[in-house]
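J.: need a structure here:
(chains A and B)
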Amino acid sequence: MLVVAEREQLPVQQARDGKPEAWDILFRRYQLPLYVYVFELVHHEQTSLDLVQETFIAAVRHIDGLRDDGKFGSWLFGIAHQKCLQRWRKQNREEVLLDELPESPDEFEDGPDDLLIRQEQETEFMQLLNQLPLPQRSVLLLHFVEDFSIEEIAGITGTNPGTVKSRMHYAKRALKKLLEEKK
Amino acid sequence: MKTPREILFKCHQAAEPGLDAIRKGALADLARAQNRQSSPSLLDFLRGFFREYHRHFAAMSAMWLVVAFLSLNVGHSPGLTASIPAQKIPSAQIIMASLRENRRELLQMIQSPDSRDAGPPRLILPQPRSQRRYEILTV
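T.: Residues are numbered from 1 along each chain as shown, chains lettered A, B, ... in the order given. Model (predicted):
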């Protein structure tokens, strides 16, 4: 069952007060989702671990900058996303997160669970996910992993909600199509 | 049937030990940073000290700058240096000779014939209050 961060009682205030137990709970909660997101973008185990570590350190350092405690999850993913961008910038691969897509239809009501995958399709799903262009993969991962809203994903990726909607629409359509073809 | 989230998490389950180590490392860093804050070093103390009295230090620095500026101006004042020609400034030997002469004259004045004949100065001892009044009355 999908756990939505905003509905959880996360000890963000205690973490802000510098309590290690609170940070332990927050890190435990987000370590795997963060790793999944970062790994599926960079595809390198050690780099992904380094980026998660850098994200944790930055979170501890800049927790005072977080205004809304309920947005802790999207704020943390925003840091991780920025870390990925910095890494690509160093490697001159910044353009990988830029794309141009036509506007998608306004209605976007699909949840992350609308796409159910059969056991025999699991490996194919992972392969198909990696065939998607990086910008589409990024929004789709944020949608799948944490069920972030369009606005939250826009905040994390530093784009506008229209672009996120468009990327999500085309990514889901491409994924469904690929899965249909493989049946 | 599984959701994409379940599949993704299952795929990366093997990374959990590495992530646990990272989490523990981050918590240890946090504890170290807190320890550092609770026991401030000399540098922290100095930083706090200067921060607390920064206005005083700024005022003192400004004063010293003004003093330094003024003394530099005086030292390089053309009016003062030009008023004494270099040829007229006596040498060190002349100044010393003049000082010795002054000293000799001073000693002569102190040991003048009047003072030599006067003998040792009379010792003035305090008298009882009643006698003193009497003296005053008789004078």
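J.: mind showing which ranges of chain A have poor pLDDT?
T.: A:1-7, A:92-114, A:182-183 (pLDDT under 70).
J.: contacting residues for A:H81?
T.: A:S138, A:I156, A:T157, A:G158 (CB atoms under 8 Å, 6 or more residues apart in numbering or on different chains). Glycine gets a C-beta too; all of them are placed from N, C-alpha and C.
J.: could I have the helix or strand where it lies exported to CSV, CA atoms only?
T.: According to DSSP states H and E, A:H81 maps onto helix A:72-90. Provided in CSV are the C-alpha atoms of helix A:72-90 (Å, rounded to 0.1, in the frame of the first residue of the first chain):
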residue,chain,number,x,y,z
PHE,A,72,9.5,17.5,4.1
GLY,A,73,9.4,14.6,1.5
SER,A,74,9.2,16.8,-1.6
TRP,A,75,11.9,19.1,-0.1
LEU,A,76,14.2,16.2,0.4
PHE,A,77,13.7,14.9,-3.1
GLY,A,78,14.3,18.4,-4.4
ILE,A,79,17.7,18.3,-2.7
ALA,A,80,18.4,14.9,-4.3
HIS,A,81,17.3,16.1,-7.7
GLN,A,82,19.6,19.2,-7.4
LYS,A,83,22.5,16.9,-6.4
CYS,A,84,21.9,14.8,-9.6
LEU,A,85,21.9,18.0,-11.7
GLN,A,86,25.1,19.1,-10.1
ARG,A,87,26.7,15.8,-10.9
TRP,A,88,25.6,16.0,-14.5
ARG,A,89,26.7,19.6,-14.7
LYS,A,90,30.2,18.4,-13.7
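J.: What are the buried residues along that helix?
T.: A:72-85, A:87-88 (16 or more other CB atoms under 10 Å in any protein chain shown).
J.: cool, and stretch A:155-171?
T.: A:155-157, A:159, A:163-171.
J.: Can you tell me which of the contacts of A:H81 is closest to chain B?
T.: Each of the contacts of A:H81 was checked against chain B using CB to the nearest CB; the closest is A:S138, at 13.5 Å.
J.: Isn't that closest one up against A:A154?
T.: No: with contacts counted by CB atoms under 8 Å, A:S138 stays clear of A:A154, the gap being 11.5 Å.
J.: Isn't A:R167 up against A:L134?
T.: No: with contact defined as CB under 8 Å, A:R167 does not reach A:L134; the gap is 10.1 Å.
J.: What about contact with chain B: does the helix or strand harbouring A:P33 have any residue there?
T.: In this structure, A:P33 is located in helix A:20-42 according to DSSP H and E. Yes: Helix A:20-42 reaches chain B (CB under 8 Å from any CB of the partner chain) through A:P20, A:W23, A:D24, A:F27, A:R28, A:Q31, A:L32, A:P33, A:Y35, A:V36, A:F39, A:E40.
J.: Buried ones among those?
T.: A:P20, A:W23, A:D24, A:F27, A:Q31, A:L32, A:P33, A:Y35, A:V36, A:F39, A:E40.
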